[in-house]
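*Asks:* Generate a structure from the sequence data that follows.
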Amino acid sequence: MSTELDLAIAAAREAGALLRDHYESDLNVDAMHDHDIKLELDVRSQELITRRLLDAFPHHAIHGEEGIAGDQSSPFQWIVDPIDGTVNYFYGIPHFCVSIALREGDALKVGVIYDPMLDELFAVEAGGKPTRNGHVIRASDRGELKDAVITIGFSKSKEAMDAGLERYRRIAHRVKKTRMLGSAALALAYIACGRLDAYIEEQISLWDIAAGQLLVEAAGGTVVLTPSTSHPDKSGIVASNGKLVLEGV
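*Replies:* Purely as a prediction, here's the structure:
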């Protein structure tokens, strides 16, 4: 295990413990949007992770959902989602996680996703095997849509929601089941370990998917990102086990 991966695991576990300790407690809301919530705990979780990472690598950059820190000219950038699934967390739905990735330039180097409620830690580094709680995982072998369980994400803008609904209409009758779970990072982790077969969303942010992308690809799956034309900081994503044919869905 590299120093960077070891550090990311420690930071994710520490942030996860913070989230678990405050789960179903009185939460301070920083902002309440139409289809999203920003919690004071999002900021505290990212600050904790930032301290951990920059104490060890003070010349690295942090790019997180709650802002940036460190040396933004550095080729080493930590990509952080301090609570992926904040709406779930706020409503007491125990499906959320901490996601931390490291990339050098455009190349992902480390990915860690930690689910504090199930105490499941997904981890991978470039060139290595992806693991869940230390055990090697791989994507499913299901190659037929009729056998597949697929998760569809519905983004926050009306345009993206409408596109997601249209995609759902096209695919729902062709697959075994569809699921809408509320955490992009965990959706990708579930593809990597074979629980899900594909994940599709029209608009998603880098911090939601960076760690999961490395996990899926290391587990034998594929991730295709398409730059959004309406939101330049977001991408569309089609991730799968690498066996399904998803053209036209």
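*Asks:* Can you give the domain ranges for the protein?
*Replies:* Domain ranges of the chain: 3-136, 145-240, per automatic domain parsing.
*Asks:* quick one: least confident helix or strand in this structure?
*Replies:* Among the helical and strand segments of the chain, the one scoring lowest on mean pLDDT, DSSP states H and E is strand 29-32, with a mean of 63.
*Asks:* which parts of the first helix or strand past that strand going along the chain are buried?
*Replies:* Towards the C-terminus, the helix or strand next in line after strand 29-32, according to DSSP states H and E, is strand 37-39. For strand 37-39, the buried set under the neighbour-count rule, 16 or more other C-beta atoms under 10 Å, comprises 37-39. To be clear about C-beta, it is placed using only N, CA and C from the backbone, and glycine gets the same treatment.
*Asks:* do the same with stretch 225-234
*Replies:* For stretch 225-234, burial by neighbour count (16+ other C-beta under 10 Å) applies to 228, 231, 234.
*Asks:* Quick one: list the elements packing against the helix ranked longest in the chain.
*Replies:* Among all segments of the chain classified by DSSP state H, the helix with the greatest residue count is helix 3-22. Helices and strands touching helix 3-22, as assessed by 3 or more C-beta pairs under 8 Å, 6 or more residues apart in numbering; DSSP states H and E, comprise helix 40-56, strand 76-84, strand 97-104, strand 107-115, strand 120-125.
*Asks:* Kindly calculate the angle that it makes with strand 107-115.
*Replies:* Put simply, helix 3-22 runs at 30 degrees to strand 107-115, going by axes from the mean of the first three to the mean of the last three C-alpha atoms, to 10 degrees.
*Asks:* To E202, which of the helices and strands packed on helix 3-22 lies closest?
*Replies:* In this view, these are compared for proximity to E202 by C-beta to C-beta, and strand 76-84 is the closest at 17.3 Å.
*Asks:* how far is that closest one from where the chain is centred?
*Replies:* 9 Å (C-alpha atoms, centre = their mean, to the nearest Å).
*Asks:* what about dumping the CA coordinates of the helix or strand just after that strand to CSV?
*Replies:* With elements assigned by DSSP H and E, the helix or strand that comes after strand 76-84 is helix 86-90. As requested, the backbone C-alpha atoms of helix 86-90 are provided in CSV (Å, rounded to 0.1, in the frame of the first residue of the first chain):
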residue,chain,number,x,y,z
THR,A,86,-26.0,14.6,1.8
VAL,A,87,-29.8,14.5,1.2
ASN,A,88,-29.9,10.9,2.3
TYR,A,89,-27.8,11.8,5.4
PHE,A,90,-30.1,14.7,6.3
